[in-house]
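[1] Just the structure for this:
(one chain, ligands or ions: 1)
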Amino acid sequence: MSFLSEDLRQKIIAELPKYPTKQAVTLPALHHVQDVLRCVPLEAIKEIAEILELHPAEVHDTMSFYGFFRDPEHKLGKNRLQVCRSLSCMLRGGEELLAELCQKYHLQPGDTTPDGKFTLEFAECLGACEGAPCMLINDECHVCLTTETASEAIEKLSS
Ligand code: FES
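    Have a look, this model is predicted:
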């Protein structure tokens with residue numbers, strides 16, 4: 001019996017024709033798994049390797065190269081919030097924004113709220129420097145934030 005759901009396996013398999021090699025599907029496969037499971041467990045690494053005909057160590061190497069992926073002990077919350085701390089955002093209060101949000105929600109960067117509602121992290125340039133300071137909430141970039149507008153966006157998140 002598979003650890004990954006049939007739906008997840010099919011999503012990974014559907015990536016194969018889009019890439020020149022099976023190995024190149026490692027990254028999208030990891031993203032699919034993390035999107036659904038909020039982390040990448042060892043069993044998932046083994047099954048991705050099996051689908052892509054790779055050694056599990058190769059999948060694990062790719063996973064650990066990117067700071068983006070989480071192991072089961074550091075599972076993502078339902079929503080992922082990433083506050084930019086690169087230059088433009090830093091100059092326009094990005095670091096203070098992150099610090100204030102951490103203080104408000106009693107979190108350290110990288111932590112998840114006890115109810116699992118969201119994980120708060122820092123990020124490098126989100127490509128929206130003209131809207132500094134900005135924050136990615138899941139896939140949506142919020143710009144020109146203040147602690148108030150960032151908090152409003154956070155409060156609107158489903159739990
Ligand atoms: S520096 Fe923050 S989006 Fe570019």
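
[2] Contact residues of the chain facing the ligand?
    Selection of the chain residues close to the ligand by C-beta under 6 Å from any ligand atom yields 84, 86-89, 125-129, 132, 134. (C-beta placed from N, C-alpha, C; glycine too.)

[3] Would you write a PyMOL line that selects the buried entries of those residues?
    Burial among the residues of the chain next to the ligand is assessed by 16 or more other C-beta atoms under 10 Å; the matching PyMOL selection reads:
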select buried, resi 84+86+88+89+126+128+129+132+134
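
[4] Please render the residues of the chain next to the ligand as CSV that adds pLDDT and secondary structure to the earlier fields.
    Shown next, in CSV, are the residues of the chain next to the ligand (pLDDT from 0 to 100; DSSP: H, G, I helix; E, B strand; the rest coil):
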residue, pLDDT, secondary structure
84, 96, strand
86, 96, coil
87, 96, helix
88, 97, helix
89, 97, helix
125, 95, coil
126, 95, coil
127, 95, coil
128, 96, coil
129, 97, helix
132, 97, coil
134, 97, coil
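
[5] Poorly predicted segments of this protein, please.
    Low-confidence segments of the chain (pLDDT under 70): 159.

[6] name the element residue 120 belongs to?
    Take DSSP states H and E as the rule and residue 120 turns out to sit in strand 118-123.

[7] which strands and helices sit next to that strand?
    strand 79-84, helix 94-105 (3 or more C-beta pairs under 8 Å, 6 or more residues apart in numbering; DSSP states H and E).

[8] Which one of those lies nearest to residue 31?
    strand 79-84 (11.9 Å; C-beta to C-beta).

[9] Paired strands for that closest one, with orientation please.
    Counting by DSSP bridges, the strands paired with strand 79-84 are strand 118-123 (parallel), strand 135-137 (antiparallel).

[10] Can you add mean neighbour count and give the ones you listed back as CSV?
    Shown next, in CSV, are those (neighbours: other C-beta atoms under 10 Å):
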stretch, mean neighbour count
strand 118-123, 21
strand 135-137, 22
